[in-house]
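Trainee: Sequence first, then the predicted structure, then my questions.
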Number of protein chains: 2
Amino acid sequence: MARALQLAALAEGRTSPNPLVGAVVLDAGGQLVGEGFHARAGGPHAEVGALAQAGERARGGTLIVTLEPCCHHGRTPPCCEAVIAAGIARVVLAMADPHPLVAGGGIARLRAAGLEVIEGVMEAEARRRNHAFLHRVATGRPLGILKWAMSLDGRTALPNGVSQWISGPKARGWVHRLRARCDAVIVGGGTLRADDPLLTSRGQRTPEPLRVVLSRSLDLPTQARLWNGAAPSLLAHGPDIPAERTDLLVRLAQQGIDIAALPACEPAALMEELARRGCNRVLWECGPALAAAALRQDCVHAVAAVVAPRLLGGQPARTPLGNLGHTSLAETRLWPLAQVGMIGDDLLCWALPSAGAFP
Amino acid sequence: MARALQLAALAEGRTSPNPLVGAVVLDAGGQLVGEGFHARAGGPHAEVGALAQAGERARGGTLIVTLEPCCHHGRTPPCCEAVIAAGIARVVLAMADPHPLVAGGGIARLRAAGLEVIEGVMEAEARRRNHAFLHRVATGRPLGILKWAMSLDGRTALPNGVSQWISGPKARGWVHRLRARCDAVIVGGGTLRADDPLLTSRGQRTPEPLRVVLSRSLDLPTQARLWNGAAPSLLAHGPDIPAERTDLLVRLAQQGIDIAALPACEPAALMEELARRGCNRVLWECGPALAAAALRQDCVHAVAAVVAPRLLGGQPARTPLGNLGHTSLAETRLWPLAQVGMIGDDLLCWALPSAGAFP
């Protein structure tokens, strides 16, 4: 199972909306004869690859798989039937598939066909690795990570707005790798206007994560690196489109930018839209107002704060978070520091809610 | 010498304006026969205690001492004469005394009397332990530590000003221990008005560090915990005393509060006054405006930032530092993170200037 989990992790960040799945086949004598993993949504499931590799040697053998084999026709045929047809005698599972069309049905089908099924092996580890997928299935929203880079005195820009770069090159490389683990990266119109960010993983994920702008005013530049076609982009807006902005929407749509009209120009509505689009894990890289709104609407499940060894100063200088509406410290939520370490000269602090898991 | 340095450290925080000094005496056969350390300014020097313990066994023996023995009459008679009188044959030193009345004179006196003198043993370690003393002697100002406690999003208060307590009880206990290592703790009038702090080490240092308020307006409460007599307090002000505040000054002076009229109501002038009063190491526990002024006037040599695992939010909420006058990131000074660790649930970050030593 440890090997199956390793195999599953090879596709980290590339299987959404599907979970990570790895599988191993042992022959009747216990020899390893096949390995497989789910590499991308729409591609073959892990069991199919492992069984194909094993061939006839699977007969009478054991399938070890991190997720319950599916029993429904999706983009690929049901894996249970392939497992049974291969002559597997025993299936060892880490966890049941929470998908409503499976949810124990695969296990029942295998047992009905006379196979021995052992459940729950290394289940906690398997759930941890598919934390974002499980969160999306359970809540209908992706798991949200809020990331910012600030000075030691808590500033994300100088008083005059200058912010590039507060953190060092190693921390910026880490941000690219973090994006590669996410299905979408979100900014607001203010960040687009101020920073003209590229928001890609710099080629560390294929396809690149969806670049999302949430804008109420649609007061956006016609030229921006986000409209460059280097990666998919989505412009999300609320129900009211200012008349003078309809031209921009039409032009951006013609350029291949996806447009999403949300029922409300709010983080929660955006999260539901992104879940529908198959996002398991999203990254908030936005300014203080949108970050505070995302926190208030419970769209943030982990905070990654990069602390740079500089002092910027200045009460008017930008800070990570706008108003959260607290009037006493007892109201403020605890965000325990789950992991702290250096990235080059910068400090990275991961804070998770008290009952939270690592994203 | 390692033992002598250990002995010296027993008086950490209690010898100002003097340095920490420890001494060990070995007899002619190399046996340890005496130990001593300088416990407080005005008290006996380390050598005197160690020689007294050794008595006649010092004759023909070795004195190992962390600092050059003095050769001048200060509050105590010159140690060189006591060393010579005890019949010591050899003196091993970590470092010369930078005091202008000594500065090699002690070493010359010992050699002139026929003693062997070995210099520079563990000198780097000895200098490190007396860093604050050496800084004050070299610059005429105490070493300054700037400490603040902030939320993970860089706030030192909620938007409504509430700030007690952002950090947890263990971090607050650490602040008391930090104060015990300092000769003075400094706030501005704003902090006195807003927080009415006690600013003591809670008995961990005798005497308590000097509690200092720097106030231009002298718009201060007549009742405050700082005027309570539980520890010495100093009110420092600039050359202009608002007429309506003279009564307060008189009343506070009658209550035993020290009053210092500075040539300018500025951190640099306060540092010179505190050096004259024998302070080697001071702690800035002030609000953002005074903290920024202290940084701008080069009165801060280490930053200790406590980061609490909370998100406070709110652009108007107080932050650690007021304006530092930077308009580009290239102008901002690097404050490398020299030590990072948890204190209870809070994170403590020590930042030192690139060439800085631990305070």
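Mentor: Structure's in. What do you need?
Trainee: Find the nearest non-adjacent residue to the residue in the stretch 101-250 of chain A that chain B sits nearest to, please.
Mentor: When distances are taken as C-beta to the nearest C-beta, the stretch 101-250 of chain A reaches nearest to chain B at A:G154, 1.3 Å away. Backbone N, C-alpha and C define where each C-beta goes, glycine included. Of all residues not flanking A:G154 in the chain, B:G154 sits nearest, at 1.3 Å (C-beta to C-beta, 6 or more residues apart in numbering or on different chains).
Trainee: Just the pLDDT at the residue of the stretch 101-250 of chain A closest to chain B, thanks.
Mentor: Predicted confidence (pLDDT) at A:G154: the value is 96.
Trainee: With A:P288 instead?
Mentor: Reported pLDDT for A:P288: 96.
Trainee: Give me the most central residue, chain A.
Mentor: Centroid-nearest residue in chain A, with C-alpha atoms, centre = their mean: A:R281, separated by 1.9 Å.
Trainee: For that one, grab phi and psi.
Mentor: Main-chain dihedrals, A:R281, degrees, to the nearest 10: phi -140, psi 130.
Trainee: mind listing what it touches?
Mentor: Residues near A:R281 by C-beta atoms under 8 Å, 6 or more residues apart in numbering or on different chains: A:G13, A:S16, A:A132, A:P142, A:L143, A:G144, A:I145, A:R181, A:C182, A:D183, A:P359.
Trainee: wait, what's in contact with A:G190?
Mentor: A:C286, A:G287, A:A289, A:L290.
Trainee: wait, which of these is closest to chain B?
Mentor: Of all the contacts of A:G190, chain B sits closest to A:A289, with 8.7 Å by C-beta to the nearest C-beta.
Trainee: Could you give the backbone dihedrals for that closest one?
Mentor: According to degrees, to the nearest 10, A:A289 has phi -70, psi -50.
Trainee: Give me the spatial nearest neighbour of it, chain neighbours excluded.
Mentor: A:G322 is the one closest to A:A289 (C-beta to C-beta, 6+ apart), at 4.3 Å.
Trainee: so where do the helices sit in the stretch 201-350 of chain A?
Mentor: A:246-254, A:267-276, A:288-296 (DSSP state H, counting those that start in this stretch).
Trainee: Out of these, which is the most enclosed?
Mentor: Ranked by mean neighbour count under mean count of other C-beta atoms under 10 Å in any protein chain shown, the helices of the stretch 201-350 of chain A are led by helix A:288-296, which reaches a mean of 23.
Trainee: how about the nearest residue to A:G168 once chain neighbours are set aside, what does it touch?
Mentor: With sequence-adjacent residues excluded and distances taken as C-beta to C-beta, 6+ apart, A:G168 is closest to A:G344, at 4.6 Å. Counting by C-beta under 8 Å, 6+ apart, A:G344 makes contact with A:G168, A:P169, A:K170, A:A171.
Trainee: So among those residues, which ones count as buried?
Mentor: A:G168, A:A171 (16 or more other C-beta atoms under 10 Å in any protein chain shown).
Trainee: can you put the contacts of A:G344 in a markdown table and add secondary structure and distance to B:V300?
Mentor: Shown next, in a markdown table, are the contacts of A:G344 (DSSP: H, G, I helix; E, B strand; the rest coil; distance: C-beta to C-beta, whole Å):
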| residue | secondary structure | distance to B:V300 |
| --- | --- | --- |
| A:G168 | coil | 23 |
| A:P169 | helix | 27 |
| A:K170 | helix | 27 |
| A:A171 | helix | 25 |
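Trainee: Pull the most distant pair out of the contacts of A:G344.
Mentor: Taking C-beta to C-beta as the measure, the contacts of A:G344 span a maximum distance of 7.4 Å, between A:P169 and A:A171.
Trainee: Report the residue ranges of every domain in chain A.
Mentor: For chain A, automatic domain parsing gives the domain ranges A:2-129, A:141-351.
Trainee: how far does the longest one stretch from start to finish?
Mentor: In other words, domain A:141-351. For domain A:141-351, the first and last residues are 20 Å from each other (C-alpha to C-alpha, to the nearest Å).
Trainee: do the same with stretch A:321-338
Mentor: Taking C-alpha to C-alpha, the first and last residues of stretch A:321-338 lie 20 Å apart.
Trainee: so what does the top strand by length along chain A touch, helix or strand wise?
Mentor: Counting by DSSP state E, the longest strand found in chain A is strand A:143-151. Strand A:143-151 is packed against helix A:131-139, helix A:169-180, strand A:281-284, helix A:288-296, strand A:302-308, with contacts defined by 3 or more C-beta pairs under 8 Å, 6 or more residues apart in numbering or on different chains; DSSP states H and E.
Trainee: Which strands border the third one, and is each parallel or antiparallel?
Mentor: Right, the one you point to is strand A:281-284. According to DSSP bridges, strand A:281-284 forms sheet pairs with strand A:143-151 (parallel), strand A:184-188 (parallel).
Trainee: just the last one next, same as before
Mentor: Using DSSP bridges, the neighbouring strands of strand A:302-308 in the sheet come out as strand A:143-151 (parallel), strand A:346-351 (antiparallel).
Trainee: List the contacts of the shortest one.
Mentor: Put plainly, it is strand A:346-351. By C-beta under 8 Å, 6+ apart, the list of residues contacting strand A:346-351 reads A:149, A:167-168, A:170-171, A:174, A:302-309, A:335-342, A:358, B:152, B:307, B:309, B:337, B:340, B:347, B:349.
Trainee: and the residues you listed, which are buried?
Mentor: The neighbour count (16+ other C-beta under 10 Å) marks A:149, A:167-168, A:171, A:174, A:302-309, A:335, A:337-338, A:340, B:152, B:307, B:309, B:337, B:340, B:347, B:349 as buried among those.
Trainee: what number of residues lie near the nearest residue to A:A4 once chain neighbours are set aside?
Mentor: Closest residue to A:A4 apart from its sequence neighbours, by C-beta to C-beta, 6+ apart: A:G22 at 4.1 Å. The local packing of A:G22 (other C-beta atoms under 10 Å in any protein chain shown) involves 30 other residues.
Trainee: who does A:G22 bridge with?
Mentor: Applying DSSP bridges, one finds that A:G22 bridges with A:F37.
Trainee: how many neighbours does the residue nearest to A:H326 when sequence neighbours are not counted have?
Mentor: Leaving aside its sequence neighbours, A:H326 sits nearest to A:T332 (C-beta to C-beta, 6+ apart; 5.1 Å). A:T332 has 21 neighbours, counted by other C-beta under 10 Å.
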